[in-house]
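In: coords please:
(chains A, B, C and D)
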Number of protein chains: 2
Amino acid sequence: MVDVRMNGERTAPTLEAVAERAGVSRSTVSRVINGSPKVTPEARRAVESAIAELGYVPNLAARSLASRRSHSIALVIPEDTSRFFSDPYFAEVIEGVAEYLARSPYTLTLLVASETDPGRTSRYLQGGGVDGALVLSTHRDDRSYVALAGRIPLVFSGRPMSPHGDDAVIVDVDNAAAGRIATQVLVDRGRRNIATIAGPQDMAAGIDRLAGWREALEAAGLTPGVVEEGDFTPSGGAAAIVRLLDRDPTIDGLFVASAQMASGALEIMKQRGIVVPRDVSVTSIDNDRFAAESDPPLTTIEQPTQLQGQTIAETLVRLIEGRPIERVKILDVTLIERESV
Amino acid sequence: MVDVRMNGERTAPTLEAVAERAGVSRSTVSRVINGSPKVTPEARRAVESAIAELGYVPNLAARSLASRRSHSIALVIPEDTSRFFSDPYFAEVIEGVAEYLARSPYTLTLLVASETDPGRTSRYLQGGGVDGALVLSTHRDDRSYVALAGRIPLVFSGRPMSPHGDDAVIVDVDNAAAGRIATQVLVDRGRRNIATIAGPQDMAAGIDRLAGWREALEAAGLTPGVVEEGDFTPSGGAAAIVRLLDRDPTIDGLFVASAQMASGALEIMKQRGIVVPRDVSVTSIDNDRFAAESDPPLTTIEQPTQLQGQTIAETLVRLIEGRPIERVKILDVTLIERESV
DNA sequence: GTGAAAGCGCTAACAC
DNA sequence: GTGTTAGCGCTTTCAC
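Out: Numbering: from 1, shown residues only, chains lettered A, B, ... in the order given. The predicted structure is shown next:
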């Protein structure tokens, strides 16, 4: 039987067409496609050539309807798009995720969360289109994602801010240690009036890094210097240092919670004739281009960003497949020494 | 009847459960979900509250299997991930796409093309998981995508390099005009020995911009200066200007095919004591942070990047829905005047 | 306006 | 190892 249509519209070949052509049943075709070992070499070859001749491609919807798994996972992009793309951190996480998944049968889908209709994203995720999702934590209200965790496999990159039960799966870097180590460097350099430009206090990373700064100071028996909050961006850092110097022009040490903010702060300090590190020693977090290209280059904390990406991906896949996981995994950070202290 | 399982595993409520609870048929539920007008207000309310009470979410796989449309479109990310994220151009295109789609029933999926298995991406796209795809053109071999155009709705952002029939749908900016205008500025400033750092000659944008430069020079009766090729990145631009000055240190005008390359070139020129624009006038293409933050700020060509994103999205949606489209759409560019000429 | 019935294209027991 | 038989959860004619 030949497929003839009045309008010439071609229909994509189905698994059934492959079966007919190869002279086997649909089950056998399905087995070949899914790599089952229970197929004789002859049958396999017959099916494979039928597939090639027909240019057959399995229908994903049918497959996942029947098997109840899509073999695709989502990485939700919750921030406004422009911030997401301008922050090298996200790019590295994604690289790690993509790298891990390339070696797995899972496809990565970056889901741009609609700001206009937040429910839409969560509906999509619950609709079975993906087997699970990766959520990069943000300051935004992440309650809806936390709630989702009970319905589909979910892994958070960074601790979510919303109250989450003891069941949220989280991969985070040791932000408190990062703050502590970066501050300790300042202490070790003999700095005594150590201020900080903290990250947003509605983000876990912002809170934990500030806590680390405070801990290091207390451990050293020093009085914490002034604190100003920035939004993790260069301009936020610039604005923060202005306020900070207004409040206390006598600081001799400064811990900045992100390299982006530090680069903004450094520029203002240069304008004001403050020489780093002669007048003020500066340390930061993130080993990205902002840290390497600032003037002077920053002594900073490197987070294993790509590893974090790989780890959230691996954890999610294990979660989906029911294999054992660590519910909370904290990754270690490293000190990178440069000229800013 | 109550859903009781030995293992306590909860099953997602189906459309049928909603129908039962609302006391209507499955068809009616389906009509409500899909916004059909042929439902009485009472039936609609009954269904809606049943949906809310059950927390029902339609199964996407089943829906698209039955309706043969997924209401989701893919934006294929073909470049290596890191380049993709470091280029502000892509971010802006995506913003445009996301903005348009937010107002439509379509969901955007960024598909990270697997380098290890190129066929995988194209199989995914053919598998019916998406109704169509957006492809950002690259220097990479894009033959596989061009071929795909015959099988699923596809819109190219930028002219693909591979031979494409007269049926490829393309949205591009007027790169030739961009090159012409940027070069004309140099001519108007009285520059006579005008060189260029061209983009990669295996990318349409690189080729067209170089052609524009040449056209402007010929129209002005000037002999084209030296040409060096860069890879659109700052370091590529730096390397190119070194070679270029080696070949001809007497240039008084320079057209650079991307702001990123121009920022790299500017740095080298500064190092060598070449003062811009006193010694050499420079123009470029792209109005991004590289153009605005370079020293001096660049006179450059602004491409309507976000509009391009909106346009490719709109074109694809129209294509999917069988509405009329312009097969090739060329967007106009604008001159931005700053201090580099 | 509403319901019944017939699939969409595939996987997954189960029997052979 | 292979085929047969049921669905997966939804949309969609087609009668009513």
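In: contacts, neighbours, all on C-alpha from now
Out: Fine.
In: Wait, a helix at residue A:129?
Out: No - under DSSP: H, G, I helix; E, B strand; the rest coil, residue A:129 falls outside any helix and is assigned coil.
In: Isn't it up against residue A:68?
Out: No - in this structure residue A:129 lies outside contact range of residue A:68 using CA atoms under 8 Å: 9.8 Å.
In: In terms of neighbours, single out the busier of those two.
Out: residue A:129 (26 against 15; other CA atoms under 10 Å in any protein chain shown).
In: Not counting its neighbours along the chain, what's nearest the more buried one?
Out: Setting aside the residues directly before and after it, residue A:129 is nearest to residue B:60 in space (CA to CA, 6 or more residues apart in numbering or on different chains), at 5.9 Å.
In: just residue A:117 next, same as before
Out: Excluding its sequence neighbours, the residue lying closest to residue A:117 (CA to CA, 6+ apart) is residue B:102, at 7.9 Å.
In: For DNA strand C, what's the nearest residue on the stretch 101-250 of chain A?
Out: At 12.9 Å from DNA strand C, residue A:105 is the closest residue in the stretch 101-250 of chain A, using CA to the nearest atom of the strand.
In: can you map out the helices along the stretch 151-300 of chain A?
Out: Under the criterion DSSP state H, counting those that start in this stretch, the stretch 151-300 of chain A contains helices at A:175-188, A:204-219, A:234-247, A:259-271, A:289-293.
In: Just name the shakiest helix or strand of chain A by mean pLDDT.
Out: helix A:81-86 (a mean of 76; mean pLDDT, DSSP states H and E).
In: now the angle between helix A:259-271 and whichever helix or strand comes after that helix, please.
Out: Downstream of helix A:81-86, the first helix or strand assigned by DSSP states H and E is helix A:88-102. In terms of direction (axes from the mean of the first three to the mean of the last three CA atoms, to 10 degrees), helix A:88-102 departs from helix A:259-271 by 150 degrees.
In: who in the stretch 51-200 of chain A is up against DNA strand C?
Out: Residues of the stretch 51-200 of chain A lying near DNA strand C by CA under 7 Å from any atom of the strand: A:57-60, A:62-67.
In: Among the residues you listed, which are located in strands?
Out: Judged by DSSP state E, the subset of those located in strands is empty.
In: I figured the residue of the stretch 101-250 of chain A closest to DNA strand C hits residue A:71, correct?
Out: Yes - using CA under 8 Å as the test, residue A:105 is close enough to residue A:71 to be in contact (6.5 Å).
In: Mind checking which of those two has more residues around it?
Out: Using other CA under 10 Å as the criterion, residue A:105 and residue A:71 rank with residue A:71 on top: 18 against 11.
In: For the stretch 1-150 of chain A, give me the ranges with low pLDDT.
Out: A:1-10, A:79, A:114-115, A:139-140 (pLDDT under 70).
In: Write out the residues of it neighbouring DNA strand D.
Out: A:23-28, A:38-40, A:42-44, A:62, A:65-67.
In: and with 10 Å instead?
Out: Within reach of DNA strand D by CA under 10 Å from any atom of the strand, the stretch 1-150 of chain A has these residues: A:19-20, A:22-32, A:36-44, A:46-47, A:61-68, A:127-128.
In: Would you check how far apart residue A:180 and DNA strand D are?
Out: Here residue A:180 is placed at a distance of 50 Å from DNA strand D (CA to the nearest atom of the strand, to the nearest Å).
In: Does that residue touch residue A:218 like I think?
Out: No - contact criterion CA under 8 Å: residue A:180 and residue A:218 do not qualify, at 10.3 Å.
In: In terms of neighbours, single out the busier of these two.
Out: Each of residue A:180 and residue A:218 has its neighbours counted (other CA under 10 Å); residue A:180 has more, 23 against 12.
In: Just the pLDDT at the more buried one, thanks.
Out: With respect to pLDDT, residue A:180 has a value of 98.
In: ok, now which ones touch the nearest residue to it once chain neighbours are set aside?
Out: Among residues not flanking residue A:180 along the chain, residue A:212 sits closest, at 4.3 Å (CA to CA, 6+ apart). Going by CA atoms under 8 Å, 6 or more residues apart in numbering or on different chains, residue A:212 touches A:175-181, A:183.
In: coming back round to it: in helices, which of the residues of the stretch 1-150 of chain A next to DNA strand D appear?
Out: A:19-20, A:22, A:26-32, A:41-44, A:46-47, A:61-67 (DSSP state H).
In: domain assignment for chain A?
Out: Taking automatic domain parsing as the reference, chain A has its domains at A:5-58, A:72-173+A:305-332, A:175-302.
In: now, of the ones you listed, which is deepest in the fold?
Out: Across those, averaging neighbours per residue (mean count of other CA atoms under 10 Å in any protein chain shown) puts domain A:175-302 on top, at a mean of 21.
In: and that domain, how far from the chain's centre?
Out: Averaging C-alpha positions (CA atoms, centre = their mean, to the nearest Å) puts domain A:175-302 24 Å from its chain's average.
In: again with stretch A:331-338
Out: Chain-centre distance of stretch A:331-338: 19 Å, with CA atoms, centre = their mean.
In: and it, which residues are buried?
Out: A:331, A:333-336 (16 or more other CA atoms under 10 Å in any protein chain shown).
In: which residues touch residue A:167?
Out: Contacts of residue A:167 by CA under 8 Å, 6+ apart are residue A:327.
In: pLDDT value on it, please?
Out: 86.
In: How about residue A:164?
Out: Per-residue confidence (pLDDT) for residue A:164: 79.
In: The residue nearest to residue A:48 when sequence neighbours are not counted: what's it in contact with?
Out: Spatial nearest neighbour of residue A:48, chain neighbours left out: residue A:32 (7.8 Å); criterion: CA to CA, 6+ apart. By CA under 8 Å, 6+ apart, the contact set of residue A:32 is A:39, A:44, A:47-48.
In: Quickly name whichever of the residues you listed is closest to DNA strand D.
Out: Comparing the contacts of residue A:32 against DNA strand D with CA to the nearest atom of the strand places residue A:39 closest, at 3.2 Å.
In: That closest one contacts residue A:31, correct?
Out: Yes - using CA under 8 Å, residue A:39 makes contact with residue A:31 at a distance of 7.2 Å.
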